[in-house]
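S.K.: how would this look folded up:
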Amino acid sequence: MGVFSALTTAVTGMQAQSYALENISGNIANSRTAGFKRVDTSFSDLVPDSALNRQIAGSVASYSRATNTIQGDLNATRIDTNAAINGDGFFVVDQRQSGVGASTQFANSNLYTRRGDFDFDADGYLVNGAGYYLKGQKIDPVTGQIIGSQPDVLRITKDQFPAKATTQIEYSANIPAYPKTNQANTATPGSELLNAGTGFGTNPGVTPGGTGTVVGSDLTLFLNRSIPGGSVTVYDTLGKATSVELRWAKISNAAAGPPAVADTWNLFIAENTGATGATVAYRNVNTNVTFDNTGKMTFPASGNITIPPMTIGGNAISPATAPISIVTNGTSLTQNGDTSGQIDARSIRQNGYTAGTLDRVSISNEGQVIGTFSNGQVVALAQIAVARFNAGNALKRLDGGAFEETIESGAPIVGLGTAALIGGNVEQSNTDIADEFSKMIVTQQAYSANTKVISTAQEMLRDVFNIIR
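M.R.: Below is the predicted model:
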C-alpha cells in the first residue's frame, strides 16, 4: 500500500459523499411532494484481504437506505376523495395505457403508493397527482356485498340509484290508556270507545264481525271517536311517494269483563279522507291490538302489524306479493297513562326511498368509498385495496411516489390490518428540511476532507519526484 492507494481511497470517499449529496438534494427537492419517502445514505467500508498485522482502513462504498415505512405528517385538504393511510400499508394503483372512458386500457399490474391525493377524472376514475389510478373492489349498493375477489381500477359513475319499495314501517309510540277523543267524557264510562253511543251505519271493526272499513257517511263519527297516530311517507317499486296517515280507535277496556280480556285497539289507515257516501275513507288493518295491565303489547305476538292491500290517492300500496309491515318488536308500542290523552309517536321510520343520483363521495376509516345520493341514501360503493409488506423498505422505487414488489419485499398482504384511512387528508413527505441541511453540512465537510487527502498525497508524490532531481 502506498500513496497511490491513498489517492484511490480518497476518490471513493469523494464519490460516496457525492452520492450522499445527491440523495440529500433529492430529499430537499421533494420536501413538498405528497407521499414522498426520503432516501437516506449508508456507508460501507471495503477492506482488502491482507495479513492480520497489515490490515488497513480501506476505501468506502455508499448505498441507499429506504424509509418507505416511515410515515409523514397528515395534512387536511377538505377534498372528500383524498385519503391518507394512518399506519402501515400502501394504496394499490395501476397505470393507464390507452383508450378513454369505459374503454380505457390499463397495465393490469399492481403498483403501490402512499400518495393519496386522489380525485375524479372526466371518466369517473380516481387518479392521484402522479397519474396513478386507484384500485379496489366494487360493492353492490343494494346488497352491500363485495363484487369479485381481485382488486380492479375503480370507476365511480353518476348512475341513478334505483328506488326501493317500502316493506317495513318502524313504529315507536305510546297509546294513552284513556284516549281523549272528541266524544270522550270521564263522567260517562266507555265514551272513549269506538262503539260508544250511536252506532255506525257500517261496522268498521275487524272482519268477520265487521267490514274492516270506515265509509264516507260515517267519517265524522269515526274522527270523533278516534285519535291520530302520526303519518309516514312510503314508496312503491318506482319510487312514487304516498303519505300514509295512521289513526287509532279503542275497541274495549279490560275492566269491561268478558268477552274482553285486555285493552283492545284497532289501527286504521286513511284511504280517502274526502270520501262521501259508501266510498271507503279509512281501512282497518284487520288486527285487534291488545295490551295487558302493565301497558305491554300482547297481540300480535310477533309485534308486527301487516297493512292490507289498499289504494291511497290513486297509488296502490302494500300489495299481497310484498306487503308493508308495521314493526314494533313488541316493545316500542306501549299503552301507558298520558294526561294529554293523545298518542305520543316517538318515531315513525320506513325503509323505502325514491330513485336518486350521486351527490358526493367520501372515504371511510375502513377504506370504503361512500356515496351520498340525492334521495338521502348513504351507501358503500367500493372497498379500496390496501396492501402491506413484511419488508416494505425493500420495495423498488418508481416515478411519482410509486413502488413495485420485489423478491426481497415479499408478497403483499391485502388488508388494512391495524391501520386506518383518514378521508380528506393527504400524507406529506417524510423529509425533515432541518435534518437534511444538517446532513448536507456533514457531507460537505467529509467531501472537503477527502479533497485534502488528495492534496496531501499530491505533495507527497511531488516530494518523491524531487528526490531524483
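S.K.: could you pull out the helices in the stretch 301-450 of the chain for me?
M.R.: Assigned by DSSP state H, counting those that start in this stretch, the stretch 301-450 of the chain shows helices spanning 433-467.
S.K.: residue ranges with poor pLDDT in it?
M.R.: For the stretch 301-450 of the chain, no stretch has pLDDT under 70.
S.K.: domain ranges for this protein?
M.R.: 3-67+430-467, 76-162+357-427, 168-350 (automatic domain parsing).
S.K.: make TSV out of those and add mean neighbour count.
M.R.: C-beta: built from backbone N, CA, C; applies to glycine. Shown next, in TSV, are these (neighbours: other CB atoms under 10 Å):
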stretch	mean neighbour count
domain 3-67+430-467	15
domain 76-162+357-427	17
domain 168-350	17
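S.K.: any idea how far Ile175 is from Asn284?
M.R.: 16 Å (CB to CB, to the nearest Å).
S.K.: for Asp435, same thing?
M.R.: 79 Å.
S.K.: now Gly216
M.R.: For Gly216, the distance to Asn284 - CB to CB - is 15 Å.
S.K.: go on, Ile147?
M.R.: 45 Å.
S.K.: swap in Thr290?
M.R.: Applying CB to CB, the value for Thr290 to Asn284 is 15 Å.
S.K.: check Thr273 too.
M.R.: Distance from Thr273 to Asn284, by CB to CB: 15 Å.
S.K.: Asn329 too?
M.R.: 22 Å.
S.K.: Val379 now?
M.R.: Val379 is 37 Å from Asn284, by CB to CB.
S.K.: for stretch 173-193, what is the average pLDDT?
M.R.: Mean per-residue pLDDT for stretch 173-193: 92.
S.K.: could I get the CA-only coordinates of that stretch as CSV?
M.R.: C-alpha atoms of stretch 173-193 as CSV (Å, rounded to 0.1, in the frame of the first residue of the first chain):
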residue,chain,number,x,y,z
ALA,A,173,-95.3,5.2,20.2
ASN,A,174,-97.3,5.3,23.4
ILE,A,175,-101.0,4.9,23.2
PRO,A,176,-102.9,6.6,26.1
ALA,A,177,-104.8,4.2,28.3
TYR,A,178,-107.7,6.7,28.1
PRO,A,179,-107.9,8.3,24.7
LYS,A,180,-109.3,11.8,24.8
THR,A,181,-111.4,11.6,21.7
ASN,A,182,-113.9,14.4,20.8
GLN,A,183,-116.6,12.3,22.3
ALA,A,184,-114.8,11.1,25.4
ASN,A,185,-116.4,12.1,28.7
THR,A,186,-114.9,10.9,32.0
ALA,A,187,-118.4,11.0,33.6
THR,A,188,-119.6,8.5,31.0
PRO,A,189,-117.8,5.2,31.2
GLY,A,190,-116.9,3.8,27.8
SER,A,191,-117.5,7.1,26.0
GLU,A,192,-113.9,6.9,24.8
LEU,A,193,-114.5,3.7,22.8
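S.K.: mind listing what Lys37 touches?
M.R.: Ala66, Thr67, Asn68, Ile70, Gly72, Arg114, Gly401, Ser429, Asn430 (CB atoms under 8 Å, 6 or more residues apart in numbering).
S.K.: for Gln105, that is, sorry about that
M.R.: Arg96, Gln97, Ser98, Gly99.
S.K.: name the residues that touch stretch 403-412?
M.R.: By CB under 8 Å, 6+ apart, stretch 403-412 touches 68, 90, 92, 109-113, 387-392, 394-398.
S.K.: give me the subset of the residues you listed lying in strands.
M.R.: Phe90, Val92, Leu111, Tyr112, Thr113, Ala387, Arg388, Lys396, Arg397 (DSSP state E).
S.K.: turn the residues you listed into CSV, including distance to Gly26.
M.R.: Below are the ones in strands among the contacts of stretch 403-412 laid out as CSV (distance: CB to CB, whole Å):
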residue, distance to Gly26
Phe90, 20
Val92, 25
Leu111, 20
Tyr112, 20
Thr113, 17
Ala387, 25
Arg388, 26
Lys396, 16
Arg397, 11
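S.K.: no further queries at this time; thank you.
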